[in-house]
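K.L.:
Any chance you could fold what I've pasted below:
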Amino acid sequence: MSQDDDPTRNSAPDLQILGDQITLQPRSYIESTQDGEKEEALMQHMARFRSEPLQFLREVSLYVSGTGWRAYDKVIGQPIFYSGFSEQMKNSVVSAPLLQTRISQLADMRLEVEEKEGWLKKDEKNFAFKRSARRAVIEQGLQEVADKLTNDMICKFESKTFIRGAYYLVTQLLTRAYHQGIHVSSEEVLRLRKVAELAATKKQSIIFLPSHRSHVDYVSMQLICYRLGLALPVVVAGDNLNFPVVGSFLQHAGAMWIRRQFGNDSMYTTLVQAYIDTLLQGGYNFECFIEGGRSRTGKLLSPKFGILSFIMDSVLSGRVEDAIICPVSTQYDKVIETEGYVTELLGVPKKKENLADFLSGGSSVLSLRLGRVDVRFHEPWSLRGYVNEQLAKLPKIPEDLTAKSPEVTAVRQKLLRTMGYKVLSDINDVSVVMPTALIGTVVLTLRGRGVGKSELIRRIEWLIARVRAKGGRVAHFGNAPLSDVIERGLEVLGKDLVGVVQGLAEPTYYAVDRFQLSFYRNMTIHLFISEALVSASMYTRVKQGGGPAHQEIGYDSLRTQVLFLSSLFRGEFIFPSDGLASNLEKTLMGLESDGIIHLKRDDNGAPLSIGLSEEERVAGRENYDFYCFLIWPFIEASWLAAISLMGLTPPHEAQKEDIWIEVTKAQNSAQLLGKTLYHQGDLSYFEAVNKETLKNAYQRFEEEGIIYAVKSKDTKVPPRLRIASEWLPSRDPSTGALVAKGRLWDFTERIASSRREGKNRRDGATVSTRVLALTDLLGRKLFDEAVSSGASQDSAQLTAEEAARVKRELREVRMRRKLEGRANL
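P.N.:
Model (predicted):
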């Protein structure tokens, strides 16, 4: 093919950062030409100490002295690396009017308390003088606290020598583990540089909002900014990583430390706001993770609004004119922490970070070959422009968006929510599907024990075509045959995740650790969530068997079940924003054009019924099953969470005591129930006992008023829950056994109608007897623990204040649901 005929010639190349080598790669690049010429490297590899010790030492000295590009000069953005930067930043924060006002308010509040308690008496001589002196002492104490908290919190960029050394060290560590390097799109990088140049002239910050699957996320982001000459962002980091040696290193490399929980500490909350204001007012780049913590499941988590609310407040208050939002997707061939994620999701408590584990973990990482990291930048957008656009859609805009009123709170919450989900949607739009995700998805969406190599290749080819048809991106590996790319992906995943049986007619692959492999399957589910929900809704009829006509489902029935599942998974997935009717119509048309379903329509073209196409039946339902296999583990988890609620029905002897169960214990009991049902064959997917998915299900049940949950002001008393009275199942008056009927039972049955058919799945009696008896057994243990002599009565029952708050919140939930006009689950 001539160069003029090459369809990739005008496409944006990728920039590979591998150690000290930077290479521009056009899409489908050729690693070496036929005459043996290699691609031109913009920089040569760093020398290795063992092979070239003198050259190695010379190149290290180049980093230390800052020769050439390593000097990190002419950076796009505000100056940060100079002596006194940290002290100047600290002084700016502690002197911020917002913080000083808060200190004054806290001093006044303390004086009022001391006057009430008799420490200051108004009838004493010199009362005004004593009060003024006492106020000065209180303010001084609060100022010292603010100074200490600020010093511990702020990022301490100062030394270019340090950051050059840190760049060298971290690059060597990271690119040894991810031996294929870090890849970014040059088109996106060039666009980002232009935005950064314009932002620098306006003294505006770029706020990077990346996805978060690994600690490597912020490391790779800092490396890219350093190597491309962009000002390093200040990165929001949880103080759980602020342990000796490592904490100081990270703080000087870009981390700002914040508490995981703020509680009711108004001083600390204001301090964080003042620091973020100072950064954004100065035009310093900023980075925080839209999901809050790392995703343990592989897919994007629901947005967390903590730091976003501070950023939004900076703009809405007018203290900051504008900032630039840049959503970022970071994808991995293999995530270092997945093995640890599995243990956490199975209920093992997370281990506190420490230096010993960090060093031992770091040394083991050096021996890994984890493939590559792909980082993609969405087109940045103006936060001020976005806010103005959203406010223009409102029928009435409050005059003062900083006022503490229900109307303003509602507007701010809506802005935050729409912004959070927009960022997640932007991240999904630019995400790259890695070969390991393709392999994990195919292996876990096929029936049978394993899959032959030829079949694996065929299904991955089909999946790649579907990803691209949905507007997704697939990582490219030059002109390498797909079989080679798959082999490379299998090598990265390792035999602990995907095993191979040799000595057969062809190599046959099978899932060794389905739980861990599901992490990679979940990286693709966002592309097909609409198809998966439609397929699972059709399954309510397909699972009944019979002829094709018997398995068809009416359009109204399908729409109702899709609405139900969409509402059920509202906090689990990111859905298209076009609305149910439009999304359903597009999905049905897409499935029909792909030959998976056929639609019967009336004379006006409106759909009447939906069934599997003859083409799909002849093909063994393989494409239809693919979509079902994607969503079935999540349906199982929701069913498990719902059936576990049945066990929270108080026994007869405890119904008059209004006993509340600790949320964590209820969720742990649901997980134990799931493990038992899996090993007894009543649960098809072990992933259904996933702690995070169960927690999300309980959160949805709370939002819909199925359960009440209450948090005590006393931090020693854990959150507690109980079933709402209108959802409470009944018990047999004579035996005390749970009765398989009622609103909650109907709810679980509706979820179950879309579950994968398995052992005893056709026999509903097994669930209504044996499974109910098991969940009742576990539930009784929870009630026994709550009322036992060792349990605190304060934990088992609500105070009058908490009971009043629950009633008030319940009224608010019902009112909100009525206003939204949203169908109940």
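K.L.:
The residue nearest to Ala752 when sequence neighbours are not counted is in what secondary structure piece?
P.N.:
In space, and not counting its chain neighbours, Ala752 is closest to Trp639: 5.5 Å by CB to CB, 6 or more residues apart in numbering. For the C-beta atoms, the positions are set from N, CA and C on the backbone; glycine is no exception. Per DSSP states H and E: Trp639 is located in helix 622-646.
K.L.:
and the next element down the chain from the host helix or strand of Thr201?
P.N.:
Assigned by DSSP H and E, Thr201 belongs to helix 186-202. For helix 186-202, the succeeding helix or strand toward the C-terminus, using DSSP H and E, is strand 206-210.
K.L.:
mind listing what that next one pairs with, with the direction of each?
P.N.:
strand 286-287 (parallel), strand 324-332 (parallel) (DSSP bridges).
K.L.:
tilt between it and helix 186-202?
P.N.:
140 degrees (axes from the mean of the first three to the mean of the last three CA atoms, to 10 degrees).
K.L.:
so what does the following helix or strand past strand 206-210 touch, helix or strand wise?
P.N.:
Moving toward the C-terminus from strand 206-210, the next helix or strand (DSSP H and E) is helix 216-227. Counting contacts by 3 or more CB pairs under 8 Å, 6 or more residues apart in numbering; DSSP states H and E, helix 216-227 packs against strand 14-18, helix 160-177, strand 181-185, strand 206-210, strand 234-238, strand 324-332, strand 372-377.
K.L.:
who's in contact with the fourth one?
P.N.:
The set of residues external to strand 206-210 that reach it, using CB atoms under 8 Å, 6 or more residues apart in numbering, is 77, 195-196, 199, 217-218, 221, 230, 233, 280, 285-290, 311, 323-330, 380, 383, 423, 427.
K.L.:
now stretch 742-762
P.N.:
Contacts with stretch 742-762, where a contact means CB under 8 Å, 6+ apart, come from 536-537, 539-540, 543, 561, 564-565, 568, 628, 632, 635-636, 638-639, 642-643, 645-646, 681-682, 684-685, 706, 723, 726-730, 739, 764, 766-767, 825.
K.L.:
Mind checking which of those are in strands?
P.N.:
Of the contacts of stretch 742-762, the ones assigned to strands by DSSP state E are Ile723.
K.L.:
Now the buried members of the contacts of stretch 742-762.
P.N.:
536-537, 539-540, 543, 561, 564-565, 568, 628, 632, 635-636, 638-639, 642-643, 645-646, 682, 684-685, 706, 723, 727-729, 739, 766-767, 825 (16 or more other CB atoms under 10 Å).
K.L.:
doesn't Pro79 fall inside a helix?
P.N.:
No: read with DSSP: H, G, I helix; E, B strand; the rest coil, Pro79 is coil and lies in no helix.
K.L.:
quick one: it from Lys203, how far?
P.N.:
12 Å (CB to CB, to the nearest Å).
K.L.:
what's the longest helix along the chain packed up against?
P.N.:
Under DSSP state H, the helix in the chain containing the largest number of residues is helix 127-153. Helix 127-153 sits against helix 85-94, helix 97-116, strand 255-258, helix 266-282, with contacts defined as 3+ CB pairs under 8 Å, 6+ apart.
K.L.:
Just say helix, strand or coil for Ala532.
P.N.:
Quick answer, by three-state DSSP: Ala532 is helix.
K.L.:
I'd like to know how many residues surround the closest residue to it other than its chain neighbours.
P.N.:
Once flanking residues are discounted, Ala532 sits nearest to Ile631: 3.9 Å by CB to CB, 6+ apart. If you count neighbours by other CB atoms under 10 Å, Ile631 ends up with 26.
K.L.:
do Asp108 as well
P.N.:
Count around Asp108 with other CB under 10 Å applied: 13.
K.L.:
mind checking how far it is from Gly181?
P.N.:
Taking CB to CB, one finds Asp108 at 57 Å from Gly181.
K.L.:
and what of Gly681?
P.N.:
Relative to Gly181, and taking CB to CB, Gly681 is found at 45 Å.
K.L.:
who's in contact with the residue nearest to Ala752?
P.N.:
Counting by CB under 8 Å, 6+ apart, Trp639 has contacts Ala688, Thr748, Ile751, Ala752, Arg755.
K.L.:
Go ahead and confirm the first one touches Pro633.
P.N.:
Yes: checked against CB atoms under 8 Å, the pair Ala688 and Pro633 is within contact range at 5.8 Å.
K.L.:
May I see the buried residues of stretch 609-619?
P.N.:
Ser609, Ile610, Gly611, Leu612, Ser613, Glu616.
K.L.:
just stretch 184-192 next, same as before
P.N.:
Within stretch 184-192, the residues scored as buried using 16+ other CB under 10 Å are Val184, Ser185, Glu188, Val189, Arg191, Leu192.
K.L.:
just curious, which of those residues is nearest to Ala786?
P.N.:
Val184 (53.3 Å; CB to CB).
K.L.:
looking at the sheet around the closest one, what are its partners?
P.N.:
Assigned bridge partners for Val184, using DSSP bridges, are Leu15, Val375.
K.L.:
Going forward, the N-terminal residue is numbered 24.
P.N.:
From this message on, residue numbering opens at 24, which makes the last subject Val207.
K.L.:
Mind listing residues that contact stretch 288-297?
P.N.:
Counting by CB under 8 Å, 6+ apart, 116-117, 119, 121-122, 125-126, 129, 165, 168-169, 172-173, 176, 281-282, 285, 333, 336-337 sit against stretch 288-297.
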